[in-house]
Structure formats: C-alpha cells, structure tokens
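[1] sequence and predicted structure, then a few things I'm wondering about:
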Amino acid sequence: MSEQEHKLEMYGGIFGGLIPLLVLIIGLVWLSVAQRGGTKPFWACAWIALAVGLFFAKNKQDYCLAAMRGIGDKTGIVIVTAWLFAGVFGSLMAAGGLVKGLLWIGMTTGAQGSIFVCLVFLAAMLFALGTGTSTGTCIALSPVLYPAGVFLGADPAMCALAILSGAAFGDNLAPISDTTIVSAYTQGATMRDVVKSRFPLSVSAAAIAMVIFFIFGGNGHAASLPEIQANLDPKGAAMLLALAVVVISALRGRHIIESLIYGNVAAAVIGIAIGNLVPTSIFGIPAKSGASTGIVQNGIEGVVGAIIFAILILAVTQILVECGIMRRVLEIAHKSFVSTVRQAEFFIIGVTILASIPISANAPAELLVGPSLVKPTGEKFGLAAARRANLMDCAVCTVFFILPWHIAVAAWYGAVHSAAEAYGIAAPSISAALYNPYSWALLAVLTFSAFTGWNRKFANAGEKGEGA
C-alpha cells in the first residue's frame, strides 16, 4: 500500500514520526560502541523503538496496522524465505568441508590475505550481477567466503565488506536488479541504454574499491601453519560444485529460492559422495529429546536471529513512510532552486539519497522520487532518460548500503555474524558497513560525473545544457 493510501498521524508531526528510527539508531550505535552488537541484541533495540513509537501515534490501531504491514512486506517475505534455505545451504557447505577446501586452494595457490579479499569482491560482484539480488548475494556467499578469508589472513571487516560491496555492485548494474528495472521504467528508458551507459560509472567505482581491498584487505592474522595444514581437505573443494549450481541456476533466471533449493540438494549429494556427510547427519531422529535433528535444523536455527531483526526493521521503516515524513521532505526538496543542468543533476542525486535513508528497501525509494521529482526535473533540462535513470540508480546504491537499518545491510551482517559464530571467529561490528568501499567510491564517481558532465547525455544529441 502506498503512503497516500495509509496516513499515520503522529504527535509532534515529523519529529514524532522519527522517534522509532532515532531510538533504533541510538540502540544500534550504543551496543556497537560497547562491542556488544549482534542480531539478537539488536532485537531489543527494534522492539523498544516500536514500543516507544506507539505513544507518539494519535491512532494506536493505525500504528499497529502500519507495523504489521511492514512485517508483511512482500520483499521482506522473499528475503526471510531465502534466508531459511540459505541457512541450511551454508550449514551443508560447512559440514561438507568447503571452508577446508578453500583453505587448501588458498594455501596451494597463494591466494591469501588481500588477494583473497579481492577474489571475494570479484565473486560477489559476479554473483550479484547474475542474480540481481544484493541480499541474496550476502546470504549465499557470507557463510562460505567470510570464514575462509579470516583463516587465510584477510582483515575480517574488509573481507565482510568485500561481500557487501560486490552485492551493491550487482544491485547497481544488473539488468534484472529491481533498482535497475524501476529506474529505467520510471524514466521511460530502455534497459539496453541504461545498462550500457551505467557501465562506466559502476565499473569505475568497482575499480576504486578493488584498489582499497588490495591495500587494506590483508591486515588480518592468518591461522598458524600447523593449524591450517590440519584443516586442509582437498575433497572439500568439490563442494564448490554446489555453489556453482546456485550461481548457474540464478544466472539462468531461476528464482533465488528455487536456486538455493537446488544448491541444498547438490550440497547434500556431493557431501555424501565425498564421504564428509552421512544422511543421518542431515536429518535423523535425535538420541534424546531436545537434541538437534541434524544439519537442516542447525542451519535454520543459525539464521533465526537475522530473520527476526530484519522483520522488526521492516516494521520500523513502514511506520516512517506512513507517517508522512518522506512526503514532507520531498515537498521541501521540490521547492529547491535549480537553475542549471549541473544543479539539476545534484538535485536528483540528493533527493534520491534522502529518500533512501529511512526506507529499508531501495527500489521503493526510487518509486517515490522517480516519477514525481527525477523525471520532471531531468526533462526540464533535457537530460536523456537513461541519464536520469543512472543518476537515480547510482545514488540509491550509495548511502543505502552503509546504514545498518537497511535490509541489505541487516542481511549481510546477519549472515556474517552467523558464519563467525559457526566457526568461533571474530565478526566485525555492524558499524563496519559505514566504510563500504564500493558505496563511497560510487558516490565519488557520481559526484565527479555530475560536476564535470562526464557520461552526461541529453535527450537530443546536439543539445547542451547550461552549467555543463
């Protein structure tokens, strides 16, 4: 339902509507600074945020219904379902010895430290580019690549950020990404023109991020050589075939959940074939009441914390949208003085980023500003439809991928934290997302493009805009 169909009145107006988000942010920062962060501790922050917000709502029933609409958001349901199957997939891959196999590959090829982090970034880029899903990329790759990177001497935060950065790249450029589709659709641009003209922007930002990962990615502490050698298992590398099944299935246009199911089956079959798994370890009657039934149950249990955190975040952000904050912000922004094409492009970038800050999914942010602000502003100065779409799509993939209440970041952190717990290794704080190299590089590239006019296209090839 749109914001126009549901209007939530709050005491204090805009400030009252901001209370749940402010409470959530304060709680996340407080726990993170105290180094007590985690998906389960963050539950309390979101719960308290929702409870406090109720007292600022003029109609308590409307407030509760808004929260439930957020929890029932169709995007959130897809993510939660994907998490359930990805959690089991990660557990099967781990039990099948994939991390030991990756350690063997890393030791025999020398792909350790910062080099391995660069490979992680590249793998995440390709996966996200083929699947078009940033959350799916984080959920599918983190359980495998993060622990392997830490054991091979990668800096934990940079290794985790390599996955998040790659996910942001795919969300930004993939033709099947929801943000790419929405940006092109709202501006009346063809997908071919959008992807072709966006490629230089996205790849330039990726190149900058790759340099950062190469310089700072190897500051971790590799496990001791005897410990690594004790955990080398060439057979475990065969589990990569199961990962390939997921990637190929997704690249062929299959749904991410369907692809994960195929991957789960492949992981179980391969694990049994190489002798690292037995059927009863996957599912069996426990010896005593209350004990685990096996890998399937353990995999689901491992993602419960992240799922609940994501659901609560969706509830908080839905309240933010329905209380009218975004509408008021956009009304103020629409009155801004814009007199040159350069100012128009910065206006498009700025208003898109503003719209993406409180909303947990970035495609809806594009829908909010695309038809009402971006299109008329761009058309006024003769900007090509693809250029308008690119400015909006790149902008919505910058700050969005660094703020902890956004669903992609929550999915990334939940997957990384679960992987860290499974292997008894350190996990970075959720605040590490604030340093996402690709997002900051993309913002820098976008700013450069708007200021200098690089990659700028007009609706009429011979037309020039003032201030270009």
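    Received the coordinates, thanks. All figures in this text were calculated on a predicted structure; none of them were measured in a lab.
[2] let's verify A205: helix, strand, or coil?
    Secondary structure for A205, judged by DSSP: H, G, I helix; E, B strand; the rest coil, is helix.
[3] for it, list the residues it contacts.
    169, 438, 441-442, 444-445 (C-beta atoms under 8 Å, 6 or more residues apart in numbering). Heads up, the C-betas are built off the backbone N, CA and C, glycines and all.
[4] change it to 7 Å
    By C-beta atoms under 7 Å, 6 or more residues apart in numbering, the contact list for A205 reads 438, 441-442, 445.
[5] so where do the helices sit in the stretch 251-400 of the chain?
    256-273, 279-282, 295-322, 325-334, 341-356, 362-369, 375-380, 385-396 (DSSP state H, counting those that start in this stretch).
[6] what's the angle from the host helix or strand of L164 to helix 362-369?
    Secondary structure from DSSP states H and E places L164 in helix 156-173. Orientation of helix 156-173 against helix 362-369 (axes from the mean of the first three to the mean of the last three C-alpha atoms, to 10 degrees) gives an angle of 50 degrees.
[7] F55: neighbouring residues, count only.
    Neighbour count of F55, defined by other C-beta atoms under 10 Å: 11.
[8] if I look at it, how far off is K235?
    Remark: distance between F55 and K235 (C-beta to C-beta, to the nearest Å) = 58 Å.
[9] now A419
    Going from A419 to K235 by C-beta to C-beta gives 21 Å.
[10] which of those two has more residues huddled nearby?
    Neighbour tally, A419 and K235, criterion other C-beta under 10 Å: the higher count belongs to A419, 25 against 17.
[11] what's the helix or strand for the residue nearest in space to the middle of the chain?
    The chain has A408 as the residue nearest its centroid, 2.8 Å off, counting by C-alpha atoms, centre = their mean. Assigning secondary structure by DSSP H and E places A408 in helix 407-423.
[12] which element follows that helix toward the C-terminus?
    Taking DSSP H and E, what comes next after helix 407-423 is helix 437-452.
[13] K235 - that's part of a helix, no?
    Yes. Counting by three-state DSSP, K235 is found in a helix.
[14] separation between it and I274?
    For K235 relative to I274 (C-beta to C-beta), the value is 5 Å.
[15] state the distance from L84 to A244.
    22 Å.
[16] neighbour count for those two, which is higher?
    Neighbour comparison, L84 and A244: the larger count goes to L84, with 17 against 12 (by other C-beta under 10 Å).
[17] look up the closest residue to the more buried one, ignoring the ones flanking it.
    I300 (5.9 Å; C-beta to C-beta, 6 or more residues apart in numbering).
[18] tally of neighbours for the one you found?
    Around I300 there are 16 other residues, counting by other C-beta under 10 Å.
[19] related to what we said a few turns ago, would TSV of the contacts of A205 with pLDDT be doable?
    Below are the contacts of A205 laid out as TSV (pLDDT from 0 to 100):
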residue	pLDDT
Y438	97
A441	97
L442	97
V445	97
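[20] out of the residues you listed, who's nearest F458?
    V445 (20.1 Å; C-beta to C-beta).
[21] quick one: contacts for that closest one?
    When contacts are counted by C-beta under 7 Å, 6+ apart, V445 touches 201, 204-205.
[22] can you lay out these as a markdown table showing distance to N219 and pLDDT?
    As requested, the contacts of V445 are exported to a markdown table (distance: C-beta to C-beta, whole Å; pLDDT from 0 to 100):
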| residue | distance to N219 | pLDDT |
| --- | --- | --- |
| L201 | 29 | 96 |
| S204 | 25 | 97 |
| A205 | 22 | 97 |
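[23] which one among the residues you listed gets closest to A426?
    A205 (28.1 Å).
[24] tell me the angle the helix holding L164 makes with helix 437-452.
    Using the same axes, to 10 degrees: helix 156-173 against helix 437-452 is 50 degrees.
[25] in terms of secondary structure, what does the very next helix or strand once past helix 156-173 contact?
    Stepping forward along the backbone from helix 156-173, the first helix or strand reached (DSSP H and E) is helix 178-187. Applying 3 or more C-beta pairs under 7 Å, 6 or more residues apart in numbering; DSSP states H and E, we find helix 178-187 packed against helix 191-216, helix 362-369, helix 385-396.
[26] on that earlier part again, looking at the helices of the stretch 251-400 of the chain, which is nearest to A174?
    Across the helices of the stretch 251-400 of the chain, A174 has its closest neighbour in helix 385-396 (10.6 Å, C-beta to C-beta).
[27] tell me, how many residues neighbour I285?
    Residues near I285, counting by other C-beta under 10 Å: 8.
[28] ok, the closest residue to it other than its chain neighbours - contacts?
    Leaving aside its sequence neighbours, I285 sits nearest to T293 (C-beta to C-beta, 6+ apart; 7.2 Å). With contact taken as C-beta under 7 Å, 6+ apart, T293 is in contact with 283-284, 286.
[29] run the last query once more with 10 Å
    Going by C-beta atoms under 10 Å, 6 or more residues apart in numbering, T293 touches 280, 282-286.
[30] of those, buried ones?
    I282 (16 or more other C-beta atoms under 10 Å).
[31] which of the contacts of T293 sits closest to V374?
    Checking these one by one against V374 (C-beta to C-beta), the nearest turns out to be I282, at 49.4 Å.
[32] hang on, that closest one packs against F89?
    No. Contact criterion C-beta atoms under 10 Å: I282 and F89 do not qualify, at 12.0 Å.
[33] got any residues that touch both of those two?
    Counting by C-beta under 10 Å, 6+ apart, the residues touching both I282 and F89 are 264, 267-268, 299.
[34] which among those count as buried?
    264, 267-268, 299.
[35] okay, and the helix or strand of this structure with the least pLDDT?
    Least confident helix or strand of the chain, by mean pLDDT, DSSP states H and E, is helix 225-230 with a mean of 54.
[36] can you tell me how far A205 is from V265?
    For A205, the distance to V265 equals 37 Å [C-beta to C-beta].
[37] repeat that for G305.
    Where V265 is concerned, G305 sits at a distance of 26 Å (C-beta to C-beta).
[38] between those two, which has more neighbouring residues?
    G305 (19 against 14).
[39] what do K235 and I274 both touch?
    96-97, 101.
[40] so which of these are in strands?
    Among the shared contacts of K235 and I274, no residue falls in strands (DSSP state E).
[41] for these, could you give me a markdown table that also reports pLDDT and neighbour count?
    Output for the shared contacts of K235 and I274, formatted as a markdown table (pLDDT from 0 to 100; neighbours: other C-beta atoms under 10 Å):
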| residue | pLDDT | neighbour count |
| --- | --- | --- |
| G96 | 87 | 28 |
| G97 | 82 | 26 |
| G101 | 80 | 24 |
